[in-house]
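[1] After the sequence you'll find the predicted model.
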Amino acid sequence: MKKIFTIIILCSGVWFAACAHAGDVREFTFNNGLKLLVKEDHRAPVVVSQVWYKVGSSYEHAGITGLSHALEHMMFKGTKVHPPGEFSRIIAGNGGEENAFTSTDYTAYFQTLEKASLPISFELESDRMRNLALPEDEFTKEIEVVKEERRMRTEDDPRSLLYETLHATAFEASPYRQPIIGWMSDLEIMKISSLRDWYKKWYAPNNATVVVVGDVNADEVYKLAQKYFAPLPKDNVPEVVSMPEPEQRGIKRVTVKRPAELPSLMMAYKTPSLMTAQQHPDQVPEWEPYALEVLSGILDGGESARFTSDLIRKKEMAATIGLDYSLASRLGDLFVINAVPAGKHNVQELEQAIRVEIEKVKNTPVSAEELARVQTQVIANDVYQRDSLFYQAMIIGIFESVGLSWHKADEYVDRVKAVTAEQVQLVAKKYLIDDHLTVGVLVPLPLNGAVVRPTSGVSEHVR
């Protein structure tokens, strides 16, 4: 089962899931609006420092997509004090590791250091929070790096392209229809002046959260932040207004044709997040996102889950199958099933087999044993993730940045344990319906003249 899942662009190219316990967090807020969250963990003389900005691809609009991710790249290209590349050299010279990532709802920068080096991290991060140089010659080079990243990770990767096209088809108004890395047409016309405006608009202490987890004393970290971050001036951060997604009134289908070895199928259902429930409690009771989380575990929670057991092992319909759902999103998101047909089966047959599994959940309550299995997995994963300082900081930062308090992270295990079989059945009936569904199919074209397996399915949009 995918835990509190977030898809991000990480400069090292890693995608991951994060879930950790946020208990015993100390919270501080400075006069300039910056929030500091500190969690002490004294098992090793190490500290993780993260700076989160509430801005990502969902803050963008047509014509300027990719700005947040491009700015993330430029954050390493120097300030008035530190020339390009010096940030990374200083961190590495002190035995640390650093990187950054951009998501739909936030951009974050992090370092893992020996605990005595935390002042170095704070000095460097506070400097680039307000004093970024953004030289045009560096941008001219770096935007080419970003465009090549898009070619390599999306345009030359058939399944990634299908995933991108699926989102653009499923959503009509929601900014989640836009790729984090941006459309190539927008990258081609992006100017350094746009990045400077974006930086000035969003990179302010009153739009940032600093998260520190590790072998530290919270009061000492507060004094350190008071030295480096508190003097920074606040700014007028605009209110975020997202267009409401119109009601979908029928199944959507999209086909992507690309050279590939195998066909692929993706089925995406529109579903709520915890923020949706918080904003519209009359329409989305708060237990529903947790029930969807459990449903994802019933269908795709390891070797005993229904998709693997029935569609891979028993029926041999799927070569691979997985499911992504994130309850920690700023807006309503997608419950995405992705699969590759096995043997002589095609995507049309696989789609029907998946539909059969979904109907089973709708018509028959899951067993007590299945429910217990998923809930046990949640507890085990939660304990496991607490071993990582990085993921402890990560989950705190995610919850804060999407508009949920970090306190919500502490409720996760108990809320999942409270989900009933009836609630799982209810959310399946309410959300896994054709009026919420977008189906994406990858039709493989020949690779170097080789014959590839055919697929079937009707295309309403061909990219």
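    That came through fine.

[2] rest of the way, CA atoms for contacts and neighbours
    Will do.

[3] Would you check how far apart residue 365 and residue 424 are?
    Residue 365 is 8 Å from residue 424, where distance means Cα to Cα, to the nearest Å.

[4] Which one's more surrounded, those two?
    residue 424 (26 against 16; other Cα atoms under 10 Å).

[5] OK, contacts around that one?
    291, 292, 294, 295, 361, 365, 366 (Cα atoms under 8 Å, 6 or more residues apart in numbering).

[6] make it 10 Å
    Each residue near residue 424 by Cα atoms under 10 Å, 6 or more residues apart in numbering is listed here: 287-296, 298, 361-362, 365-366, 371.

[7] Just give me the closest of the residues you listed to residue 432.
    Using Cα to Cα, residue 362 is the member of the contacts of residue 424 that lies nearest residue 432, at 8.8 Å.

[8] From residue 368, how far out is the closest one?
    Counting by Cα to Cα - residue 362 and residue 368 are separated by 16 Å.

[9] Tell me which of these two has more neighbours.
    Using other Cα under 10 Å as the criterion, residue 362 and residue 368 rank with residue 362 on top: 19 against 10.

[10] element containing the more buried one?
    Secondary structure from DSSP states H and E places residue 362 in helix 347-363.

[11] And the average pLDDT for that helix is what?
    Mean pLDDT, helix 347-363: 98.

[12] From the contact counts, what lies against it?
    Judged by 3 or more Cα pairs under 10 Å, 6 or more residues apart in numbering; DSSP states H and E, helix 347-363 is in contact with strand 264-271, helix 287-300, helix 306, strand 318-324, strand 333-341, helix 421-431, strand 437-445.

[13] Buried residues in stretch 273-281, which are they?
    The neighbour-count check on stretch 273-281 (16 or more other Cα atoms under 10 Å) flags 273, 274, 275, 276, 277 as buried.

[14] Assess the claim that the fourth one and residue 332 are in contact.
    Looking back up the chat, that one is residue 276. Yes: with contact defined as Cα atoms under 10 Å, residue 276 counts as touching residue 332 (6.1 Å).

[15] sorry, back to before: now the buried residues of stretch 273-281 as JSON lines including pLDDT?
    Output for the buried residues of stretch 273-281, formatted as JSON lines (pLDDT from 0 to 100):
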{"residue": "273", "pLDDT": "96"}
{"residue": "274", "pLDDT": "97"}
{"residue": "275", "pLDDT": "95"}
{"residue": "276", "pLDDT": "94"}
{"residue": "277", "pLDDT": "95"}
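
[16] Max pairwise distance over the residues you listed: which two?
    For the buried residues of stretch 273-281, the farthest-apart pair by Cα to Cα is 273 and 277; their separation is 6.5 Å.

[17] Overlap of the contact sets of these two?
    Taking Cα under 10 Å, 6+ apart as the contact rule, residue 273 and residue 277 both touch 284, 286, 288, 289, 327, 331, 332.

[18] closest to residue 127 among these?
    Nearest member of the shared contacts of residue 273 and residue 277 to residue 127, counting by Cα to Cα, is residue 331, at 31.5 Å.

[19] any idea how far residue 156 is from residue 406?
    38 Å.

[20] When those two are compared, which one has more neighbours?
    Using other Cα under 10 Å as the criterion, residue 406 and residue 156 rank with residue 406 on top: 21 against 15.

[21] residue ranges for the strands of this protein, please.
    Secondary structure of the chain (DSSP state E): strands at 9-10, 25-29, 35-40, 46-53, 97-102, 107-114, 208-214, 252-259, 264-271, 318-324, 333-341, 437-445.

[22] beta partners for residue 336?
    residue 268, residue 324 (DSSP bridges).

[23] what sits against it?
    Applying Cα under 10 Å, 6+ apart, we find residue 336 in contact with 163, 166-167, 266-271, 296, 322-326, 437-439.

[24] do the same with residue 225
    Listed by Cα under 10 Å, 6+ apart, the contact set of residue 225 reads 28, 30, 34, 35, 36, 119, 122, 123, 126, 210, 219, 231.
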